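Trainee: Using only what follows, build the 3D model:
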Amino acid sequence: MSSTIAFIGLGHMGGPMAANLVGAGHRVTGYDLVPELLATAAESGVRAAASAKEAVTDADVVVTMLPAGRHVLSLYRDGGLLAAAGPGTLFVDCSTIDVADARAAHEAVTAAGHRALDAPVSGGVVGAEAATLTFMAGGDAADFARAEPLLLAMGKKAVHCGSAGAGQAAKICNNMILGISMVAVSEAFVLGESLGLTHQALYDVASTASGQCWSLTTNCPVPGPVPGSPANRDYAPGFAAPLMAKDLGLAANAARAGGVDAELGIRAARLFAEFAEGEGAGQDFSGIIRAIRQRSTPSTPSTLSTPQNGSTA
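Mentor: Here you go, the predicted model:
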């Protein structure tokens, strides 16, 4: 079934997502504050609106992809989206925001006579372009069922995680795992360097052993073993370090508020916050390996002898 969709926020993620909805046969009207992004989206078949309010006027579904919860709430309320939309419009927020902000957005949407779903994504720019994103959604089951075909036009999987805010909860938990694992993989490669291991040797072992994880086999933090990883492009994002710092900050705040002993998650949040505020501001989050190297004490790598006849001696 074809839908009339308003898409607000056409950046590195939102632009390709809107284009994929057009490709799936939906009528998409978009808006972004940056004229260049709006023009790029128009080249993909997205109809350009003069304002966000204009974009939502005739929409069945409104998709937002914005930087933070304050932007979502401001646009819904002060920006007039809730007032401009027709009765019963489904608002699907794909931004990554605080769980409390997601629940506040749900309340504002439903109080205005509409329906709401928080549906943040995982998969980065590559996933947005290739329509292989994973969506984690929070809201009523009926609203998820209505949105699911649209989500699957932009991704490969959509999971209904529970009631309002559950999608955001799943997202920050997932990205806490991702941030911690990237630090662990990066530390392991720096340790391997100090012990005389080649990157390829460590990768060949860990990628088929108990150290296997997404941070290693898809987003490997060293150049060479995984040709598509940002490490081969001087850590051009990808998933930018400031975005990882933001997500880990949300997870750390939630852990503190809930009294959860999330020592590694909170430590990873601090590491990425420091990295993102410095040289990592324009880098992929896997560039954290550079910060780990810089903090490490330089030493001459030990020489590892090559085992003979398969012996490990």
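
Trainee: Show me which helix or strand of this protein is least confident by mean pLDDT.
Mentor: helix 124-130 (a mean of 90; mean pLDDT, DSSP states H and E).

Trainee: Identify each buried residue in that one, please.
Mentor: Of the residues in helix 124-130, 124-129 count as buried by neighbour count, 16 or more other CB atoms under 10 Å. No exception for glycine: its C-beta is placed from N, CA and C like everyone else's.

Trainee: same deal with stretch 143-159?
Mentor: 143-144, 146-148, 150-151, 153-155, 158-159.

Trainee: Same question for stretch 205-216.
Mentor: Buried residues in stretch 205-216, counted by 16+ other CB under 10 Å: 206, 211, 213, 215-216.

Trainee: Inside helices: which ones of those?
Mentor: With DSSP state H as the criterion, helices contain 206, 215-216 from among the buried residues of stretch 205-216.

Trainee: from the residues you listed, which is closest to Ala112?
Mentor: If you rank these by distance to Ala112 using CB to CB, Ser215 comes first, at 40.8 Å.

Trainee: ok, which stretches of the stretch 201-313 of the chain are helices?
Mentor: In the stretch 201-313 of the chain, helices defined by DSSP state H, counting those that start in this stretch lie at 214-217, 241-257, 263-277, 288-295, listed in chain order.

Trainee: meant to ask about the stretch 1-150 of the chain, not that
Mentor: Using DSSP H, counting those that start in this stretch, the helices found in the stretch 1-150 of the chain span residues 14-23, 35-43, 52-56, 69-76, 81-84, 99-111, 124-130, 141-154.

Trainee: Of the ones you listed, flag the one that's most buried.
Mentor: helix 14-23 (a mean of 23; mean count of other CB atoms under 10 Å).

Trainee: Now do that helix against helix 141-154, angle only.
Mentor: Angle, helix 14-23 to helix 141-154, by axes from the mean of the first three to the mean of the last three CA atoms, to 10 degrees: 100 degrees.

Trainee: pLDDT (mean, whole number) over helix 14-23?
Mentor: Average pLDDT, helix 14-23: 98.

Trainee: same question, stretch 269-283
Mentor: 97.

Trainee: Could you list the domains of the chain?
Mentor: 4-163, 169-295 (automatic domain parsing).

Trainee: which residues does the residue most central in space within the chain contact?
Mentor: By CA atoms, centre = their mean, the mean C-alpha position of the chain lies nearest to Ser122, the distance being 4.6 Å. Taking CB atoms under 8 Å, 6 or more residues apart in numbering, we find Ser122 in contact with 133-134, 136, 171, 174-175.

Trainee: same thing with Val109?
Mentor: Taking CB under 8 Å, 6+ apart, one finds 76, 82, 91, 115-116 in contact with Val109.

Trainee: one more time with 10 Å
Mentor: With contact set as CB atoms under 10 Å, 6 or more residues apart in numbering, Val109 has these partners: 62, 76, 81-82, 85, 89-91, 93, 115-117, 139, 164.

Trainee: What is the nearest of the residues you listed to Ala291?
Mentor: Ala291 lies nearest to Asp93 out of those, by CB to CB, at 32.1 Å.

Trainee: for this protein, which helix is longest?
Mentor: helix 166-194.

Trainee: who are the neighbours in contact with the closest residue to Gly14 other than its chain neighbours?
Mentor: Spatially, and ignoring its direct neighbours in sequence, Gly14 is nearest to Met65 (3.7 Å; CB to CB, 6 or more residues apart in numbering). Met65 makes contact with 7-15, 17-18, 32, 72, 92-96, 120-121, 128, according to CB under 10 Å, 6+ apart.

Trainee: what's the span of stretch 28-40 from first residue to last?
Mentor: Using CA to CA, to the nearest Å, one end of stretch 28-40 lies 14 Å from the other.

Trainee: Quick check: mean pLDDT of that stretch?
Mentor: 97.

Trainee: chain center to that stretch: distance?
Mentor: On the basis of CA atoms, centre = their mean, to the nearest Å, stretch 28-40 sits 20 Å off its chain's mean C-alpha point.

Trainee: cool, and stretch 55-65?
Mentor: 21 Å.

Trainee: In it, which residues are buried?
Mentor: Those would be 55-56, 59-65, for stretch 55-65 by 16+ other CB under 10 Å.

Trainee: and the residues you listed, which two are the farthest apart?
Mentor: Counting by CB to CB, the most remote pair of these is Asp60 and Met65, 17.7 Å apart.

Trainee: and Leu250, how many neighbours does it have?
Mentor: For Leu250, the neighbour count with other CB atoms under 10 Å is 25.

Trainee: residue contacts, it?
Mentor: 68-69, 96-101, 168-169, 171-172, 175-176, 269.

Trainee: got a winner among the residues you listed for most neighbours?
Mentor: Highest neighbour count within the contacts of Leu250: Gln168, with 30 neighbours (other CB under 10 Å).
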